[in-house]
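S.K.: Quick one, what's the 3D model for this:
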Amino acid sequence: MHRSSVAVPFALALVVALAGCSGGGVQGKPGASGVRDPYFPKMGNLGYDVTHYGLTLSYDPKARHLVGTAEITARATQDLTAFNLDLKGLDVDGVTVEGKVARWNRAGQELTVRPHDDLDKGETFRATVRYSGDPETITDADGSQEGWLRTADGSLALGEPTGSMAWFPGNHHPSDKASYDIRITVPEVLQAVSNGELKSKTTKNGRTTFAWHTAEPMASYLATVAIGPFRITRSTTKDGLPVYVAVDPTQVEPSEKVLARIPEIMEWAEYNFGPYPFSSTGAIVDRPEDADYALETQTRPVFPGAPGTELLVHELAHQWYGDSVSPKSWRDMWLNEGFATYAAWLWQEDHGGDTADEIFHALYKGDYYDNPEESDEVWAFPPAKPSGPANISDSPVYDRGAMVLHKIRQTVGDDTFYDIIQGWAATHRHGNANTEDFTAYVEEKAPDKDFSEIWKDWLYGEGKPDHA
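M.R.: Here you go, the predicted structure:
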């Protein structure tokens, strides 16, 4: 563990801090470590709300060395004597709060910061953390890898559900969203791609700095950095929305036709889901060996190799459902994946493929998948109650989550159904919501309908419902 020259053991610092409070001033306490998420209880922190991350990064792919400065602007939600940030690995080289040197301590993924001056509830403050090292690749409970993934010629940062803490300190839970400015310096032969809009690109002494800006609130697991020799394409939709696409040279030809459909997909999605919630769109296509899954990173989904059309639809639909309307906890993942899965069903229905009803009944009958085990997995647990952290991306969250939406559509009819899914995206735009919020919203929009069986059997019920 590395401490700056002014760091002291945190337990001692806390004793001193509490003693100093006895005579008056802020009667605060440390913010809690972890927001007590049902599946990832250590993730996130209480006591403050982040409004902005300013990340300045420099990466050397050959040395695998990252140097970073994180300027975190936040508002105290209680009187604070200390607060925690999530940071896994990396060396902390120094911490300041409001420009004054702060004491800090490391314990696992927790970076505990003791400001020089206690913070009042409601106070806006800036914490700056300087750090460096070889960022970690994290293996999830389900065996997938996230965090900082090394590639043959650069790196790829993916954050769902916990990987973002491998490359910057923060409040890493989807319930705390913020705007971002990410500056990345890399060798000039490489590109550095992130979320939002590219504001500047400058080259000096053989290295290029890319400055990316994301104005709309973003959950930290949706932040990404992709470093490599990408081929960049810039265009706009017919409505003027910027489209920024970065593709690995080996994937340019295989992905050309499908990526050219982004404007068409966006027009279709806006018609079905309502106005697009962000100020740009696009995609990042890396090589298949660099990651084994696609991810809906905000404004610019990441794909391991050229995606199929339905996968592209799925990840772009997430921009409404998951990115703009984000889950309050990881238990609510079906609100991300069920919606995006159903979006792909609707695309097929509208473009000469199977209808959503045909897909629904094929899943129910068990003949949608060729493998019987895949068919059985749909009923492994209720979509609103994943069995554990290793299961939040399992089939019931996707397929059975989409089946819940189809049951709602069957109950209310198309007109009300589209009112519901568009209204849901608009009501919680750039915010967070959970399953209880959704069921209450549906019942409010269709007060003459009875949804009790859908909630009991399809959303929360164990096993396969008795009838479709």
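S.K.: For the longest helix that the chain contains, what is the distance to the chain centroid?
M.R.: Taking DSSP state H as the criterion, the chain has its longest helix at helix 334-350. From the chain centre to the centre of helix 334-350 is a distance of 18 Å (Cα atoms, centre = their mean, to the nearest Å).
S.K.: pLDDT of that helix, averaged?
M.R.: Averaging pLDDT along helix 334-350 yields 98.
S.K.: cool, stretch 160-167 as well?
M.R.: Regarding stretch 160-167, the rounded mean pLDDT is 98.
S.K.: Show me how far that stretch is from its chain's centre.
M.R.: 9 Å.
S.K.: one step back: and the angle for the following helix or strand past the longest helix of the chain with helix 334-350?
M.R.: Note on helix 334-350: by DSSP states H and E, the next helix or strand toward the C-terminus is helix 356-365. Orientation of helix 356-365 against helix 334-350 (axes from the mean of the first three to the mean of the last three Cα atoms, to 10 degrees) gives an angle of 120 degrees.
S.K.: Return the list of helices and strands in contact with whichever helix or strand comes after helix 356-365.
M.R.: For helix 356-365, the following helix or strand on the C-terminal side (DSSP H and E) is helix 372-377. Judged by 3 or more Cβ pairs under 8 Å, 6 or more residues apart in numbering; DSSP states H and E, helix 372-377 has no packing partners among the helices and strands. For glycine as for every other residue, the C-beta is placed from the backbone atoms N, C-alpha and C.
S.K.: Could I get the buried residue list for helix 372-377?
M.R.: Buried residues in helix 372-377, counted by 16 or more other Cβ atoms under 10 Å: 375, 377.
S.K.: can you check stretch 262-281 too?
M.R.: In stretch 262-281, counting by 16+ other Cβ under 10 Å, buried: 262-263, 265-266, 268-270, 272-274, 276-278, 280-281.
S.K.: can you tell me which two in those are farthest apart?
M.R.: Based on Cβ to Cβ, the longest span within those runs between 272 and 280 and measures 20.1 Å.
S.K.: Give me the distance from stretch 209-228 to the chain's centre.
M.R.: Put simply, stretch 209-228 sits 11 Å off its chain's centre (Cα atoms, centre = their mean).
S.K.: So what would you say the end-to-end distance of it is?
M.R.: 13 Å (Cα to Cα, to the nearest Å).
S.K.: Stretch 386-402 too?
M.R.: 15 Å.
S.K.: Also stretch 449-467?
M.R.: So stretch 449-467: terminal residues 19 Å apart, Cα to Cα.
S.K.: Residues contacting that stretch, please?
M.R.: Residues outside stretch 449-467 that contact it (Cβ atoms under 8 Å, 6 or more residues apart in numbering) are 364, 379, 381-385, 400, 403-404, 407-408, 411-412, 435, 439, 442-443.
S.K.: Below-threshold pLDDT in the chain: ranges please.
M.R.: 1-26 (pLDDT under 70).
S.K.: how about the helices of it, start to end?
M.R.: Ranges of helices in the chain, per DSSP H, are 10-21, 252-259, 262-273, 309-317, 334-350, 356-365, 372-377, 395, 401-412, 414-427, 435-445, 452-453.
S.K.: how about the fifth one: buried residues?
M.R.: Neighbour counts using 16+ other Cβ under 10 Å place 334-348 of helix 334-350 among the buried residues.
S.K.: now for that helix, which elements pack on it?
M.R.: By 3+ Cβ pairs under 8 Å, 6+ apart, helix 334-350 packs against helix 262-273, helix 309-317, strand 325-327, helix 356-365, helix 401-412, helix 435-445.
S.K.: next one: the fifth one to chain centre, how far?
M.R.: Chain-centre distance of helix 401-412: 25 Å, with Cα atoms, centre = their mean.
S.K.: If you count neighbours, what's buried in that helix?
M.R.: Neighbour-count burial for helix 401-412, counted by 16+ other Cβ under 10 Å, picks out 401, 402, 403, 404, 405, 406, 407, 408, 409, 411, 412.
S.K.: The third one - nearest residue in space that isn't next to it in sequence?
M.R.: So that's residue 403. Distance criterion Cβ to Cβ, 6 or more residues apart in numbering; nearest residue to residue 403, sequence neighbours excluded, is residue 360 at 5.7 Å.
S.K.: ok, now residue 215?
M.R.: residue 179 (5.5 Å).
S.K.: Distance of that neighbour relative to residue 199?
M.R.: Per Cβ to Cβ, to the nearest Å, residue 179 is found 13 Å from residue 199.
S.K.: do you know how far residue 374 is from residue 342?
M.R.: The spacing between residue 374 and residue 342, counted by Cβ to Cβ, is 18 Å.
S.K.: Same check on residue 249?
M.R.: 35 Å.
S.K.: between the helices and strands packed on helix 334-350, which gets nearest to residue 131?
M.R.: Closest to residue 131 of these is strand 325-327 (Cβ to Cβ; 25.9 Å).
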